[in-house]
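# I would like to see how this sequence folds:
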Amino acid sequence: MRKVISGFGLLLFAVALPVPGQQADRVIKLLEELSNAPAPSGYEGPVRDILKREFQAAGLDVSSDGMGSVIGVLRGPTDGPRIMLAAHMDEVGAIVRFVTPEGMVKFQLLGGWLDQALVDQRWTILTDKGPVAAVSGLKSVHVTPPEERTRVTPRDDVFLDVGAKSKEEAEALGIRPGDPIAPTGSFAALAPGRYVGKALDDRVGCVMLIETIRRLKEQGIKTPNTIYFVGTVQEEIGSRGAHTAVALVKPAIGLSLEAGIAADHPGGRSDFAQERLGAGPVIYLADAAMLVNLKLRDFLFEVGQKNNIPLQTEVTRGGYEDSAELQAYGTGVPAANIAVATRYLHAHNSEIERSDLDRTIDLLLKALAQLDARKVAEISAF
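Numbers count the residues shown, from 1 in each chain. Sure thing, here's the model as predicted:
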């Protein structure tokens, strides 16, 4: 299955829209490759392959845990603290439940989808025989009664049409219950410095992992710690990969690298989400499952201030990230969620600003260089 899915990721990359008027440097090329790779929760193979490739190219020791999270280790002083950077590899998607006698595919969602994001979209079913294109059907306006035209189609009424005329024809394509389903979309540039693509939650975090390693090496930065770069699995269905990976790493400090919730658009609710594109890295102070360690918050803001990196904060009741699992490990670990503000999460298309990504990587580089045993003990003390 991994080989089939990986091949599909390469196919999507080959047909992705060009970046008009902007030269695609290595960061954008990497983000494009990661964004286009299909990897719903539990089926992270294509993204895991990319992270392994980049970790190995940087000379890291690479391993995996029993759930499929990938771990790259950049070793520092033997008495230095362990720092865990976690970014999840999975995206919201679905799995096949069954095929109807008419050849339509019914599915079970993986992750938090809005019902209005499901209809009239293209999807890819990842089968043992190869990828199968699908579209979520939408009743034509011509045959929709007026009273139904503004109604959101409930998720249980949504189906995928693969063009098959019968259940037997669909099964002949290789479609079986349990096959993963990924949203279909191609990465592209918008106005200068802004980009759109699927699965930016959390492929921006995966880029942060890889670029942090690259820049540490290129700039000759010797950190006073050992850093564990972890691509986690199944975050979108309960941070399951972080739960097992953190037990393997045993960190002294945990940082979750994420896509944040930007509501700076018409209809956005600033009382629900405070982030804006272009305003710098986001430090989450609270979400549905985690309260940030305030000493760690203060440390990150000091680093930002000293290095002219503007920071913004988020307090939200909706959703949570891998930082909740990092914080709750053992007897407790100082943890924070550091994010790149992102519009339109958990849908086929999300949007980020490049400057936010660069500044967040800069913040990580500066912070990691200062997290020695003394600083970690200071942050951890009560």
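# The closest residue to Pro251 other than its chain neighbours: what's it in contact with?
Of all residues not flanking Pro251 in the chain, Met84 sits nearest, at 3.7 Å (Cβ to Cβ, 6 or more residues apart in numbering). No exception for glycine: its C-beta is placed from N, CA and C like everyone else's. Contact partners of Met84, counting by Cβ atoms under 8 Å, 6 or more residues apart in numbering, are 227-228, 230, 245-246, 249, 251, 253-255, 326.
# swap in Gly93?
38, 40-41, 43, 109-111, 180-183.
# again, 10 Å this time
38-43, 107, 109-111, 113, 123-124, 126, 180-183, 198-199, 236 (Cβ atoms under 10 Å, 6 or more residues apart in numbering).
# Also Leu216?
58, 74, 222-223, 227, 364-365, 368-369.
# For those, please prepare CSV with the additional fields distance to Gly93.
Converted to CSV, these look like this (distance: Cβ to Cβ, whole Å):
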residue, distance to Gly93
Ala58, 29
Leu74, 31
Lys222, 40
Thr223, 35
Ile227, 30
Leu364, 28
Leu365, 32
Leu368, 32
Ala369, 37
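# Can you tell me which of the residues you listed end up in strands?
74, 227 (DSSP state E).
# Which one (most neighbours) among the contacts of Leu216?
Ile227 (28 neighbours; other Cβ atoms under 10 Å).
# Quick check: bridge partners of that one?
Leu74, Ile83 (DSSP bridges).
# In the stretch 51-200 of the chain, mark out all the helices, start to finish.
167-172, 200-218 (DSSP state H, counting those that start in this stretch).
# Identify whichever of those lies nearest to Glu102.
helix 167-172 (7.5 Å; Cβ to Cβ).
# Do you know the pLDDT at the residue nearest to Pro251?
On the pLDDT scale, Met84 is placed at 98.
# coming back round to it: what's the most distant pair in the contacts of Leu216?
Ala58 and Ala369 (17.2 Å).
# Distance of His346 relative to Arg240?
18 Å (Cβ to Cβ, to the nearest Å).
# out of the two, which sits in the more crowded spot?
Neighbour count, other Cβ under 10 Å: between His346 and Arg240, Arg240 has more, with 22 against 19.
# for the more buried one, what are its contacts?
Neighbours of Arg240 in contact, by Cβ under 10 Å, 6+ apart: 41-42, 67-69, 88, 90, 232-234, 322, 325.
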